[in-house]
Structures are given as structure tokens and as C-alpha cells.
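# Show me how the following folds:
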Amino acid sequence: MTQEEKIAMLENMLELEAGSLKPEMELKDVAEYDSMAKLSLIVMMDEECGKKLTGEQIREIKTVQDILDFMG
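I've put the predicted structure just below:
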């Protein structure tokens, strides 16, 4: 999966317009990245990437790039 495809998946999950997320963006600046989005991220990582994301890992994620890195 390309970086663009990963970003598109995140934008879809957050219900954002295509092209609105950039790797360097801080998640605290993305209004849609709330507690429900974090739960959705855990489910998406499990279903789409086959990876388990823990609460501790969620707390360590600060940027869009951090999510992309975790996705592999």
C-alpha cells in the first residue's frame, strides 16, 4: 500500500476531504481526531493492516506520519 493510499484510508475514516491530511500534520490540530476516531483507528489497524494498536501506542501517536509508520 502506498503512502497516498494510507492517507486516503485515514481521510476516509475521519470523514475528511481527499488531500486534507499531510504526513507532517499534528493530530491535535485535526478536529476530527477525537476519542471515537481513536477507536476507529484501532479497528482499522486490526482489519486493514492486521496490526494490534494498544492504548499506550495511541497515546504515543502525535502526527499523521506516526500512523503511517505504524501501518508499515
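
# remind me, longest helix of this structure?
Longest helix in the chain, counting residues (DSSP state H): helix 3-14.

# tell me what that helix is packed against?
Helices and strands touching helix 3-14, as assessed by 3 or more Cβ pairs under 8 Å, 6 or more residues apart in numbering; DSSP states H and E, comprise helix 35-44, helix 64-71. C-beta: built from backbone N, CA, C; applies to glycine.

# change it to 6 Å
Using 3 or more Cβ pairs under 6 Å, 6 or more residues apart in numbering; DSSP states H and E, the elements in contact with helix 3-14 are helix 35-44.

# Please work out the average pLDDT along the helix or strand that the helix it packs on is followed by.
Helices and strands here follow DSSP states H and E; after helix 35-44, the next one along the chain is helix 55-60. In this model, helix 55-60 has an average pLDDT of 94.

# Just the buried residues of helix 55-60, please?
Of the residues in helix 55-60, I58 count as buried by neighbour count, 16 or more other Cβ atoms under 10 Å.

# Check stretch 15-23 too.
Using 16+ other Cβ under 10 Å as the test for burial, stretch 15-23 gives L16, L21.

# export it as CSV, just CAs?
Extracted as CSV, the C-alpha positions of stretch 15-23 are listed here (Å, rounded to 0.1, in the frame of the first residue of the first chain):
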residue,chain,number,x,y,z
GLU,A,15,-14.6,11.7,7.0
LEU,A,16,-12.2,14.3,5.7
GLU,A,17,-11.9,15.6,2.1
ALA,A,18,-9.3,14.0,0.0
GLY,A,19,-6.0,15.8,0.2
SER,A,20,-6.7,17.3,3.6
LEU,A,21,-4.1,15.3,5.6
LYS,A,22,-0.4,15.7,5.2
PRO,A,23,2.2,13.4,6.9
